[in-house]
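# the following block contains a protein sequence and its predicted model.
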Amino acid sequence: MQQYISQLNEAQQQPVLQKDGPMIIIAGAGSGKTRVLTIRIAYLMHQGVDAFNILSLTFTNKAAREMKKRISDIVGSNEAKNLWMGTFHSVFARILRSEADKLGYPSNFSIYDSQDSLRLIGSIIKEMQLDRDIYKPKQILGRISSYKNSLITVKAYFNNPELQEQDAMSKKPRMGEIYQAYVERCFKAGAMDFDDLLLKTNELLNVFPDVLAKYQNRFRYILVDEYQDTNHSQYLIVRALSDKFQNICVVGDDAQSIYAFRGANINNILNFQKDYAGVQTYRLEQNYRSTKNIVEAANSIIDKNKTKLDKIVWTANDDGPKIKIHRSLTDGEEGRFVAGEIFEKKMQNQMANGNFAILYRTNAQSRAMEDALRKRDIPYRIYGGLSFYQRKEIKDVLSYLRLVINPKDEEALIRVINYPARGIGDTTLEKLTIAANHYKRSIFEVMQNIDKIDLKLNAGTRGRISDFVTMIRSFQVIDQNQDAFYLAEHVTKKTGLIQEMRKDGTPEGIAKLENIEELLNGIKDFIEGQREIDGARGALSEFMEDVALATDLDKDTGDDDRVALMTIHLAKGLEFPYVFVVGMEEDLFPSAMSMSTRSELEEERRLFYVALTRAEHQAYLTYAQSRYRWGKLTDSEPSRFIEEISGQFLEYLTPNEGSYRYKPMMDIDVFGDVDKSKLRLNKPQTGTPPKKYGEDPESSTNVRRLKPVSSNGSSSVSSSNLPDSKLNVGNMVMHERFGRGEVLNIEGVGADKKAEIKFDVGGIKKLLLRFARLDVL
Ligand code: ATP
Ligand code: MG
């Protein structure tokens with residue numbers, strides 16, 4: 001254990017060594033907050049605290065898994081097994097399941113994702129005959145979500161004239177009724193939405209003192225990462241649970257608070273000292289993640305915010321390359337530049353795709369990037385957007401599985417009652433729904449009793465309804481005895497889903513079939529993992545819980561090597577050697593919707609701070625002078641955030657114009673980001689420094705020259721910089737990574753010129769001379 005503690009600096013050690021009492025660690029990006037939390041948990045266990053008594057809340061389940069893995073490595077997996085770690089949603093969903101009866105919910109309640117919620121709201125709006133242009137389902141769901149996260153229940157809403165007035169003012173006087181109907185329908189379907197998971201946990205802890213006491217005694221030590229982004233509902237849960245022992249350790253960075261739009265409350269961090277007595281405050285100042293240029297540039301940005309805690313962030317890391325700024329004419333060209341840079345970096349340094357991340361403000365921006373990456377054959381993965389589990393064919397299978405667990409689940413039922421088509425049409429469904437509302441029962445219960453209720457359905461329809469019920473019942477029997485994989489495979493065949501897709505021979509149909517196969521593989525993987533962990537049966541309910549709460553990040557097993565594309569919001573807490581922040585334009589970033597007040601603009605600036613501080617080695621900021629937005633070609637100006645960075649940290653790749661800062665060519669390294677110090681290490685110790693192959697004699701003189709820009713937007717170094725005539729077959733060369741080698745063959749001309757080199761270690765390799773970093777010996 002000592003060995004792990006000694007790997008921390010002194011400031012990091014202090015919060016690890018303080019065992020009890022409330023503490024807050026406030027520190028900038030990359031200063032080791034998450035690492036401190038991890039080691040702290042291991043050390044608590046080392047001091048005899050039972051894993052069972054520790055609760056750790058993270059931003060993603062993936063982060064929790066990684067943390068658990070690291071702790072397992074330190075204390076042993078048997079010990080770490082009982083740690084409670086995960087997102088607020090996943091941890092409290094688990095608790096709610098075991099206490100559900102107290103709140104009148106079945107323990108197998110469904111979790112509605114936002115698609116389910118939106119569909120339900122849509123149908124409520126339709127039933128109430130309201131105007132969908134005024135009552136926009138997305139907006140309504142947003143309102144409901146913010147009520148729930150502020151603990152405003154339906155009852156509280158109707159007791160609050162101010163809120164009602166507010167909604168009336170925004171032309172939605174019937175907002176309260178929609179809220180009420182939505183809550184009732186969810187309850188009747190035995191379903192909670194994401195916000196319910198927090199709201200109901202609060203209800204549970206407030207209304208049942210014995211339940212509160214039970215979990216207070218259980219979670220003697222509570223740790224929260226990314227505390228700056230907790231919302232009010234989450235804050236109250238943490239407060240309640242930690243109230244007895246007050247062993248609460250939260251870490252966060254006010255400069256990275258980026259979820260105010262979802263109700264996150266930065267005051268949770270600012271007021272922590274007031275909430276608990278005798279709070280120890282720790283500050284970490286040394287950044288281990290990024291180069292000096294990145295750390296200092298990020299500091300110069302966040303300095304512009306008025307609302308902030310004073311913090312110092314410094315690093316002992318190298319200066320590193322400057323932040324590269326690139327302008328292009330269109331978003332398409334921007335995409336080509338980014339893909340081109342990644343391609344070149346990969347060639348130069350034989351780097352894996354996973355070293356690169358492309359971050360953007362809005363999901364829509366991914367398209368241009370995807371097109372360009374595909375053209376270059378660079379594998380990528382988009383996080384966020386429509387996740388795997390939300391694809392139609394996957395949701396269809398999952399809906400059947402949800403019904404197996406909870407037949408009351410109406411959103412699931414409505415999805416599959418007539419898919420694949422089995423002759424239970426809309427009119428029948430409507431009759432069933434009306435009866436269900438009338439008897440205050442679920443649609444499935446009505447279906448079970450279809451012969452006892454007179455719905456004026458013909459015998460054929462009644463028969464088909466009974467068949468459906470029988471089919472779901474038969475799945476339930478299998479679920480009692482078999483694992484989730486067996487059941488899921490059976491369901492895809494028995495329901496006719498697979499046959500339906502096979503009929504459709506189009507490429508899309510085949511892709512869907514493959515997706516279902518991937519889902520089945522995923523289930524298999526999951527149950528095998530479960531069995532390894534604690535001998536669990538691998539039951540369907542365990543898998544479904546995992547799926548319901550999976551975010552896209554969670555799915556990332558890291559075993560396929562891809563460039564990561566995601567919004568900046570999703571990138572929080574992550575790190576990558578190379579980061580491209582694209583779409584650095586006014587009205588896009590900062591977003592046009594977040595510029596009307598200073599506090600909105602400050603949140604955008606914090607978002608930019610988060611984006612930049614994800615980079616370990618090199619950051620790029622790119623912008624386009626025009627792009628398609630909402631179907632129209634719009635002109636754009638570079639983002640003010642570029643101008644806000646102190647010029648000394650920037651390098652402009654494109655020729656300057658207008659107010660743009662001028663940068664002479666000599667600052668640009670024609671070798672990209674070759675780390676000179678590393679190069680030197682490989683040089684043989686001779687009296688005179690060896691001639692660097694490919695060195696441009698002009699670049700060491702004070703000639704001012706702008707970097708050539710090729711028309712496709714790529715900033716690649718023109719091959720004329722590289723006098724490649726000097727390399728001959730038989731030459732001995734030194735390569736930064738591969739070491740010493742002999743040139744066996746040279747082929748191609750100009751920029752395509754390649755050399756075949758036999759290295760002492762690593763064998764024969766073919767290198768593009770334009771990029772290969774070779775010293776001729
Ligand atoms: P963020 O604010 O972005 O979430 P963070 O403060 O949580 O960042 P970490 O992710 O814990 O920072 O650490 C950043 C990087 O620095 C990680 O790669 C981590 O392993 C490394 N690191 C942290 N502390 C040390 C240390 N004392 N010695 C060496 N590396 C360290
Ligand atoms: Mg972190």
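Sure, I can see it. From a predicted model like this one, the values you see are computed outputs, not experimental measurements. Ligands and ions are numbered 1, 2, ... in the order given.
# ranges for the strands of the stretch 1-150 of the chain?
23-27, 54-57, 84-86, 110-112 (DSSP state E, counting those that start in this stretch).
# tabulate the ones you listed in a markdown table, adding columns for mean pLDDT.
Formatted as a markdown table, the strands of the stretch 1-150 of the chain follow (pLDDT from 0 to 100):
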| stretch | mean pLDDT |
| --- | --- |
| strand 23-27 | 96 |
| strand 54-57 | 97 |
| strand 84-86 | 94 |
| strand 110-112 | 95 |
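# closest to ligand 1 out of these?
Minimum separation from ligand 1 across the strands of the stretch 1-150 of the chain (Cβ to the nearest ligand atom) falls at strand 23-27, 5.8 Å. The way it works is simple: take the backbone N, C-alpha and C, and place the C-beta from them, glycine included.
# which one is the one residue in the chain that gets nearest to ligand 2 nearest to, not counting chain neighbours?
Among the residues of the chain, Thr34 lies closest to ligand 2, at 3.3 Å counting by Cβ to the ion. Nearest residue to Thr34 in three dimensions, chain neighbours excluded: Asp225, at 5.8 Å (Cβ to Cβ, 6 or more residues apart in numbering).
# quick one: contacts for the residue of the chain closest to ligand 2?
63, 67, 225, 251, 573 (Cβ atoms under 8 Å, 6 or more residues apart in numbering).
# can you list the residues of the protein near ligand 1?
7-9, 12, 27, 29-35, 253, 256, 288-289, 573, 575, 613 (Cβ under 6 Å from any ligand atom).
# so where's the stretch 101-250 of the chain uncertain?
Applying pLDDT under 70 to the stretch 101-250 of the chain flags no residue at all.
# domain map for the protein?
Listed by the TED database, the domain ranges of the chain are 1-100+202-284, 110-189, 314-379+559-658, 390-548, 731-776.
# just name the closest of the contacts of Thr34 to ligand 1, please.
Within those, the smallest distance to ligand 1 is 4.2 Å, found for Gly573 (Cβ to the nearest ligand atom).
# residues touching the nearest residue to that closest one once chain neighbours are set aside, list them.
Leaving aside its chain neighbours, Gly573 sits nearest to Phe59 (5.5 Å; criterion: Cβ to Cβ, 6+ apart). Residues in contact with Phe59 (Cβ under 8 Å, 6+ apart) are 87, 225-226, 229, 572-573.
# reformat these as TSV; add distance to Gly190.
Listed next are those as TSV, based on distance: Cβ to Cβ, whole Å:
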residue	distance to Gly190
Thr87	22
Asp225	32
Glu226	31
Asp229	30
Lys572	33
Gly573	34
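# turn those into TSV, columns for secondary structure and distance to Ile450.
Below are the contacts of Phe59 laid out as TSV (DSSP: H, G, I helix; E, B strand; the rest coil; distance: Cβ to Cβ, whole Å):
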residue	secondary structure	distance to Ile450
Thr87	coil	41
Asp225	coil	51
Glu226	coil	50
Asp229	helix	49
Lys572	coil	50
Gly573	coil	51
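# out of these, who's nearest Asn728?
Lowest distance from Asn728 to the contacts of Phe59 (Cβ to Cβ) belongs to Gly573, with 50.6 Å.
# per-residue confidence for the residue of the chain closest to ligand 2?
pLDDT for Thr34: 96.
# equivalent analysis for Val547, please.
Looking at Val547, the pLDDT reads 84.
# avg pLDDT for whichever helix or strand Arg606 is part of?
According to DSSP states H and E, Arg606 maps onto helix 598-612. Helix 598-612 shows a mean pLDDT of 95.
# isn't Ile450 up against Ile465?
Yes - assessed by Cβ atoms under 8 Å, Ile450 is found in contact with Ile465 at 4.9 Å.
# tell me, how many residues neighbour Ser145?
Number of residues near Ser145 (other Cβ atoms under 10 Å) recorded here: 19.
# which parts of the helix or strand containing Arg367 are buried?
Following DSSP H and E, one finds Arg367 within helix 366-375. Across helix 366-375, burial judged by 16 or more other Cβ atoms under 10 Å covers 366, 368-370, 372-373.
# ok, now stretch 452-472?
Using 16+ other Cβ under 10 Å as the burial criterion, the residues of stretch 452-472 that qualify are 457, 461, 464-465, 468-469, 472.
# how distant is it from the center of its chain?
Counting by Cα atoms, centre = their mean, to the nearest Å, stretch 452-472 is centred 44 Å from the centre of its parent chain.
# tell me the bridge partners for the residue lying closest to Leu44 once chain neighbours are set aside.
Distances taken as Cβ to Cβ, 6+ apart place Tyr221 nearest to Leu44, at 5.8 Å, with adjacent residues excluded. Beta-bridge pairing of Tyr221 under DSSP bridges involves Ile54.
# what's the answer for the one 10 residues further on, then?
Applying DSSP bridges to Asn231 gives these bridge partners: Ala264.
# isn't it up against Ala264?
Yes - contact status for Asn231 versus Ala264: in contact at 5.2 Å, counting by Cβ under 8 Å.
# packing partners for the host helix or strand of Glu334?
According to DSSP H and E, Glu334 maps onto helix 331-349. On a contact count with 3 or more Cβ pairs under 8 Å, 6 or more residues apart in numbering; DSSP states H and E, helix 331-349 meets strand 323-330, strand 356-360, helix 366-375, strand 576-581, strand 615-629.
# CA atoms only for it - export them in PDB, please.
Written as PDB, here are the backbone C-alpha positions of helix 331-349 (Å, rounded to 0.1, in the frame of the first residue of the first chain):
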ATOM      1  CA  ASP A 331     -16.900  22.500 -42.400                       C
ATOM      2  CA  GLY A 332     -16.100  19.800 -45.000                       C
ATOM      3  CA  GLU A 333     -12.600  21.200 -45.400                       C
ATOM      4  CA  GLU A 334     -12.300  21.300 -41.600                       C
ATOM      5  CA  GLY A 335     -13.100  17.600 -41.500                       C
ATOM      6  CA  ARG A 336     -10.500  16.900 -44.200                       C
ATOM      7  CA  PHE A 337      -7.900  18.800 -42.300                       C
ATOM      8  CA  VAL A 338      -8.600  16.900 -39.100                       C
ATOM      9  CA  ALA A 339      -8.600  13.600 -40.800                       C
ATOM     10  CA  GLY A 340      -5.400  14.500 -42.600                       C
ATOM     11  CA  GLU A 341      -3.600  15.500 -39.500                       C
ATOM     12  CA  ILE A 342      -4.600  12.300 -37.700                       C
ATOM     13  CA  PHE A 343      -3.500  10.300 -40.700                       C
ATOM     14  CA  GLU A 344      -0.100  12.000 -40.800                       C
ATOM     15  CA  LYS A 345       0.400  11.700 -37.100                       C
ATOM     16  CA  LYS A 346      -0.300   8.000 -37.300                       C
ATOM     17  CA  MET A 347       2.100   7.600 -40.100                       C
ATOM     18  CA  GLN A 348       4.800   9.600 -38.400                       C
ATOM     19  CA  ASN A 349       4.600   8.000 -35.000                       C
END
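# what comes up buried for it?
Buried residues in helix 331-349 (16+ other Cβ under 10 Å): 331-346, 348-349.
# report the contact partners of Ser145.
So Ser145 contacts 194-195, 262-263 (Cβ under 8 Å, 6+ apart).
# is the nearest residue to Gly176 once chain neighbours are set aside in a helix, a strand, or coil?
Leaving out its chain neighbours, the residue that sits closest to Gly176 by Cβ to Cβ, 6+ apart is Tyr157, at 5.3 Å. Taken by DSSP: H, G, I helix; E, B strand; the rest coil, the conformation at Tyr157 corresponds to helix.
# could you report the distance from Tyr157 to Gln164?
7 Å (Cβ to Cβ, to the nearest Å).
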